[in-house]
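*Asks:* missing the sequence, but the structure's below:
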């Protein structure tokens, strides 16, 4: 967004700028949690599973192979915007957007 776009948005008289989606349907399924995981895994790992599903991962795939990506972009998306790997924490910013 350049300064001209920002200026146009801030001067808008349209109420459409306030139409912001605040919730959406999540993926179907449930986390593959076991009693052993709940007793012995670090809480951060369990939280990571919930966060990954909240970002659009299939619950059935969260225990698959994973890779940590660190960047200023905040993660990776497909060309259509579908999340591939987003933010490692809840306060990340996707600078590229």
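*Replies:* That came through, no problem. If you're wondering where the values come from, they're calculated on a predicted model, not measured in any experiment.
*Asks:* could you check the distance from residue 38 over to residue 31?
*Replies:* 10 Å (C-beta to C-beta, to the nearest Å). C-beta here means a position set from N, CA and C on the backbone, and glycine is covered the same way.
*Asks:* ok, these two, which is more surrounded?
*Replies:* residue 31 (15 against 10; other C-beta atoms under 10 Å).
*Asks:* give the contact list for that one.
*Replies:* 49, 50, 53, 59, 62 (C-beta atoms under 8 Å, 6 or more residues apart in numbering).
*Asks:* my guess is the fourth one meets residue 50, correct?
*Replies:* Right, residue 59. No - applying C-beta atoms under 8 Å as the test, residue 59 and residue 50 come out as separate, 9.6 Å apart.
*Asks:* Neighbour count for those two, which is higher?
*Replies:* More neighbours surround residue 59 than the other of residue 59 and residue 50, with 18 against 13 (other C-beta under 10 Å).
*Asks:* For that one, give its distance to residue 30.
*Replies:* 6 Å.
*Asks:* excluding its backbone neighbours, what's nearest residue 59?
*Replies:* residue 29 (3.8 Å; C-beta to C-beta, 6 or more residues apart in numbering).
*Asks:* and the one you found, what pLDDT?
*Replies:* With respect to pLDDT, residue 29 has a value of 90.
*Asks:* Assign a three-state SS to it, would you?
*Replies:* Put simply, residue 29 is coil when judged by DSSP: H, G, I helix; E, B strand; the rest coil.
*Asks:* Contacts only, for it.
*Replies:* 58, 59, 60.
*Asks:* Could you export these to a markdown table, including columns for pLDDT?
*Replies:* Listed next are the contacts of residue 29 as a markdown table, based on pLDDT from 0 to 100:
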| residue | pLDDT |
| --- | --- |
| 58 | 89 |
| 59 | 92 |
| 60 | 90 |
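*Asks:* Thank you kindly, that will do.
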